[in-house]
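K.L.:
Only the shape, not the letters, is given here:
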(Lines give C-alpha, C1' and ligand atoms only; values in the text may rest on other atoms or scores of the structure.)
Protein backbone atom coordinates (compact mmCIF):
# COMPACT_ATOMS: atom_id res chain seq x y z
CA UNK A 1 0.00 0.00 0.00
CA UNK A 2 1.35 3.37 -1.00
CA UNK A 3 0.45 6.70 0.60
CA UNK A 4 -1.03 7.84 -2.71
CA UNK A 5 -3.46 4.89 -2.73
CA UNK A 6 -4.45 5.37 0.89
CA UNK A 7 -5.20 9.03 0.13
CA UNK A 8 -7.27 8.00 -2.92
CA UNK A 9 -9.27 5.55 -0.80
CA UNK A 10 -9.90 8.31 1.78
CA UNK A 11 -11.48 10.38 -1.00
CA UNK A 12 -13.58 7.42 -2.14
CA UNK A 13 -14.77 6.83 1.44
CA UNK A 14 -15.61 10.48 1.97
CA UNK A 15 -17.17 11.48 -1.35
CA UNK A 16 -18.75 8.35 -2.86
CA UNK A 17 -21.74 6.29 -1.69
CA UNK A 18 -20.25 3.33 0.17
CA UNK A 19 -22.61 0.40 0.58
CA UNK A 20 -22.06 -2.56 2.87
CA UNK A 21 -20.59 -4.97 3.15
CA UNK A 22 -17.26 -3.63 1.97
CA UNK A 23 -15.06 -6.45 0.66
CA UNK A 24 -11.36 -5.83 0.10
CA UNK A 25 -9.79 -8.28 -2.33
CA UNK A 26 -6.06 -8.43 -1.71
CA UNK A 27 -6.19 -7.38 1.95
CA UNK A 28 -3.06 -9.23 3.09
CA UNK A 29 -0.81 -6.78 4.89
CA UNK A 30 2.60 -7.96 3.72
CA UNK A 31 5.78 -7.54 5.77
CA UNK A 32 6.37 -3.89 6.55
CA UNK A 33 2.75 -2.96 5.82
CA UNK A 34 1.02 -4.29 8.95
CA UNK A 35 -1.26 -1.62 10.34
CA UNK A 36 -0.49 0.96 7.65
CA UNK A 37 -2.30 -1.03 4.95
CA UNK A 38 -5.36 -1.56 7.16
CA UNK A 39 -8.14 0.41 5.48
CA UNK A 40 -10.88 -0.43 7.97
CA UNK A 41 -10.41 2.86 9.87
CA UNK A 42 -11.35 4.74 6.68
CA UNK A 43 -14.81 3.13 6.85
CA UNK A 44 -15.79 3.49 10.54
CA UNK A 45 -18.84 1.54 11.62
CA UNK A 46 -19.13 -0.25 8.28
CA UNK A 47 -19.17 -4.03 7.81
CA UNK A 48 -15.76 -4.87 6.28
CA UNK A 49 -14.33 -8.16 5.07
CA UNK A 50 -10.65 -8.50 4.17
CA UNK A 51 -9.90 -11.30 1.69
CA UNK A 52 -6.82 -12.64 -0.05
CA UNK A 53 -5.52 -15.87 -1.60
CA UNK A 54 -3.28 -16.33 1.45
CA UNK A 55 -3.87 -16.12 5.18
CA UNK A 56 -2.20 -13.43 7.24
CA UNK A 57 -2.67 -10.00 8.80
CA UNK A 58 -5.75 -8.24 7.42
CA UNK A 59 -7.28 -11.41 5.97
CA UNK A 60 -10.64 -12.53 7.36
CA UNK A 61 -11.37 -15.01 4.60
CA UNK A 62 -9.39 -16.70 1.83
CA UNK A 63 -10.95 -16.08 -1.59
CA UNK A 64 -9.74 -16.45 -5.17
CA UNK A 65 -10.61 -13.55 -7.48
CA UNK A 66 -10.90 -15.94 -10.42
CA UNK A 67 -13.81 -17.73 -8.73
CA UNK A 68 -15.11 -15.70 -5.79
CA UNK A 69 -16.89 -17.92 -3.29
CA UNK A 70 -19.57 -15.35 -2.49
CA UNK A 71 -23.20 -15.20 -3.55
CA UNK A 72 -24.17 -13.05 -6.53
CA UNK A 73 -25.09 -9.48 -5.56
CA UNK A 74 -23.88 -9.94 -1.96
CA UNK A 75 -21.22 -7.17 -1.85
CA UNK A 76 -21.97 -3.46 -1.49
CA UNK A 77 -18.51 -2.07 -2.23
CA UNK A 78 -15.54 -3.99 -3.66
CA UNK A 79 -11.95 -2.84 -3.27
CA UNK A 80 -9.07 -4.30 -5.29
CA UNK A 81 -6.18 -2.01 -4.44
CA UNK A 82 -2.73 -2.73 -5.79
CA UNK A 83 -4.03 -6.26 -6.37
CA UNK A 84 -4.81 -6.78 -10.04
CA UNK A 85 -1.16 -6.89 -11.12
CA UNK A 86 -0.96 -10.05 -8.99
CA UNK A 87 -4.00 -11.72 -10.62
CA UNK A 88 -3.25 -14.00 -13.55
CA UNK A 89 -6.57 -13.36 -15.32
CA UNK A 90 -7.65 -9.81 -14.37
CA UNK A 91 -10.60 -9.67 -16.81
CA UNK A 92 -12.02 -12.78 -15.16
CA UNK A 93 -11.47 -11.17 -11.75
CA UNK A 94 -13.47 -8.08 -12.74
CA UNK A 95 -16.27 -10.25 -14.14
CA UNK A 96 -16.39 -12.01 -10.78
CA UNK A 97 -16.36 -8.74 -8.84
CA UNK A 98 -19.22 -7.51 -11.03
CA UNK A 99 -21.14 -10.73 -10.33
CA UNK A 100 -20.87 -10.42 -6.54
CA UNK A 101 -21.54 -6.66 -6.47
CA UNK A 102 -25.07 -5.49 -5.65
CA UNK A 103 -26.94 -3.14 -7.98
CA UNK A 104 -25.92 0.39 -7.01
CA UNK A 105 -22.57 -0.85 -5.71
CA UNK A 106 -19.13 0.28 -6.73
CA UNK A 107 -15.86 -1.48 -7.46
CA UNK A 108 -12.70 0.50 -6.74
CA UNK A 109 -9.50 -0.68 -8.43
CA UNK A 110 -5.96 0.70 -8.37
CA UNK A 111 -2.61 -0.35 -9.69
CA UNK A 112 0.79 1.05 -10.50
CA UNK A 113 2.39 1.35 -13.87
CA UNK A 114 5.89 2.26 -12.77
CA UNK A 115 7.05 -0.19 -10.12
CA UNK A 116 9.68 -2.94 -9.79
CA UNK A 117 8.59 -6.56 -9.92
CA UNK A 118 7.37 -7.65 -6.49
CA UNK A 119 6.13 -11.13 -5.66
CA UNK A 120 2.97 -11.17 -3.52
CA UNK A 121 2.88 -14.08 -4.47
CA UNK A 122 3.26 -13.39 -8.22
CA UNK A 123 3.50 -10.23 -10.33
CA UNK A 124 1.96 -10.49 -13.81
CA UNK A 125 0.90 -7.10 -15.17
CA UNK A 126 1.33 -3.34 -15.47
CA UNK A 127 -1.80 -1.44 -16.50
CA UNK A 128 -2.43 1.73 -18.46
CA UNK A 129 -5.61 3.79 -18.15
CA UNK A 130 -6.79 2.08 -21.36
CA UNK A 131 -6.26 -1.28 -19.64
CA UNK A 132 -8.49 -0.20 -16.76
CA UNK A 133 -11.18 0.95 -19.20
CA UNK A 134 -11.07 -2.55 -20.68
CA UNK A 135 -11.17 -4.24 -17.26
CA UNK A 136 -14.21 -2.19 -16.21
CA UNK A 137 -16.29 -3.09 -19.29
CA UNK A 138 -18.73 -5.30 -17.31
CA UNK A 139 -19.94 -2.20 -15.43
CA UNK A 140 -22.68 0.07 -16.73
CA UNK A 141 -20.46 3.10 -16.15
CA UNK A 142 -16.90 3.66 -15.06
CA UNK A 143 -14.35 6.28 -14.15
CA UNK A 144 -10.63 5.86 -14.90
CA UNK A 145 -7.80 8.25 -14.14
CA UNK A 146 -4.08 8.32 -13.44
CA UNK A 147 -1.52 10.22 -11.40
CA UNK A 148 1.99 11.17 -12.41
CA UNK A 149 3.26 12.04 -15.86
CA UNK A 150 0.51 11.95 -18.47
CA UNK A 151 2.41 9.58 -20.78
CA UNK A 152 3.99 7.51 -17.98
CA UNK A 153 1.80 7.65 -14.88
CA UNK A 154 2.87 5.90 -11.71
CA UNK A 155 -0.69 5.18 -10.55
CA UNK A 156 -3.87 4.07 -12.32
CA UNK A 157 -7.26 4.26 -10.57
CA UNK A 158 -10.71 3.14 -11.63
CA UNK A 159 -14.24 2.86 -10.33
CA UNK A 160 -16.94 0.65 -11.80
CA UNK A 161 -20.56 1.53 -11.10
CA UNK A 162 -23.10 -1.27 -11.15
CA UNK A 163 -26.17 0.73 -12.01
CA UNK A 164 -26.40 4.48 -12.22
CA UNK A 165 -23.43 6.73 -11.71
CA UNK A 166 -23.84 8.90 -8.61
CA UNK A 167 -23.05 12.63 -8.76
CA UNK A 168 -19.25 12.91 -8.90
CA UNK A 169 -18.65 16.68 -8.97
CA UNK A 170 -17.17 17.00 -5.48
CA UNK A 171 -15.21 13.74 -5.80
CA UNK A 172 -13.72 14.82 -9.14
CA UNK A 173 -12.75 18.18 -7.69
CA UNK A 174 -10.92 16.44 -4.85
CA UNK A 175 -9.28 14.03 -7.31
CA UNK A 176 -7.78 16.97 -9.20
CA UNK A 177 -6.16 18.14 -5.93
CA UNK A 178 -4.98 14.56 -5.26
CA UNK A 179 -3.41 14.35 -8.72
CA UNK A 180 -1.66 17.71 -8.29
CA UNK A 181 -0.03 16.42 -5.08
CA UNK A 182 1.39 13.32 -6.74
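P.N.:
Great, that's in hand. Since the structure is predicted, the reported quantities are computational estimates derived from the model, not experimental observations.

K.L.:
Not counting sequence-adjacent ones, nearest residue to residue 55?
P.N.:
residue 62 (6.1 Å; C-beta to C-beta, 6 or more residues apart in numbering). C-beta: built from backbone N, CA, C; applies to glycine.

K.L.:
One more: residue 148?
P.N.:
residue 154 is the one closest to residue 148 (C-beta to C-beta, 6+ apart), at 3.8 Å.

K.L.:
Let me know the next secondary structure element after the helix or strand that neighbour falls within.
P.N.:
Counting by DSSP states H and E, the element that carries residue 154 is strand 152-161. Later in the chain than strand 152-161, the nearest helix or strand by DSSP H and E is helix 169-181.

K.L.:
can you map out the helices along the protein?
P.N.:
3-15, 90-100, 129-135, 169-181 (DSSP state H).

K.L.:
Would you mark the buried spots in the shortest one?
P.N.:
So that's helix 129-135. 129, 131-132, 135 (16 or more other C-beta atoms under 10 Å).

K.L.:
same question, the last one
P.N.:
For helix 169-181, burial by neighbour count (16+ other C-beta under 10 Å) applies to 171, 174-175, 178-179.

K.L.:
was I right about the residue nearest to residue 148 contacting residue 128?
P.N.:
No: counting by C-beta atoms under 8 Å, residue 154 sits too far from residue 128 to count as a contact (12.0 Å).
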